[in-house]
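[1] have a look; sequence and predicted model below, questions after that.
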Amino acid sequence: MNSGKMYYLSTEDDATIYNYYRTGDKVRHHKSLNGLEKYYKSGDTIIFCNAC
């Protein structure tokens, strides 16, 4: 399923989140948790928990 939606993430003074996502990353939006999850995390050194 490819809906082609674009999500914009706004952060202030948080370099960790800013550097975690890259333009073009395929993400899943968790509506009930109001968060984004990257599909491909294999090269990441940190993984964010959407439920926290």
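    Arrived safely, thanks for sending. This is a predicted model, so every value here is computed, not measured. Numbers count the residues shown, from 1 in each chain.
[2] pretty sure Asn19 sits in a strand.
    No: using DSSP: H, G, I helix; E, B strand; the rest coil, the assignment for Asn19 is helix, not a strand.
[3] now it: how far from Ser32?
    According to CB to CB, to the nearest Å, Asn19 and Ser32 sit 26 Å apart. Using the backbone N, CA and C atoms, a C-beta is placed for each residue, glycine as well.
[4] now Leu9: how far from Ile47?
    Using CB to CB, Leu9 is found at 16 Å from Ile47.
[5] wait, I meant Lys26
    15 Å.
[6] kindly report the same for Thr23.
    In terms of CB to CB, Thr23 sits 20 Å off from Ile47.
[7] more neighbours: the two, which one.
    Legend: neighbour count by other CB atoms under 10 Å for Thr23 and Ile47, higher for Ile47 (9 against 4).
[8] once you drop chain neighbours, what's closest to the more buried one?
    Spatial nearest neighbour of Ile47, chain neighbours left out: Lys41 (5.5 Å); criterion: CB to CB, 6 or more residues apart in numbering.
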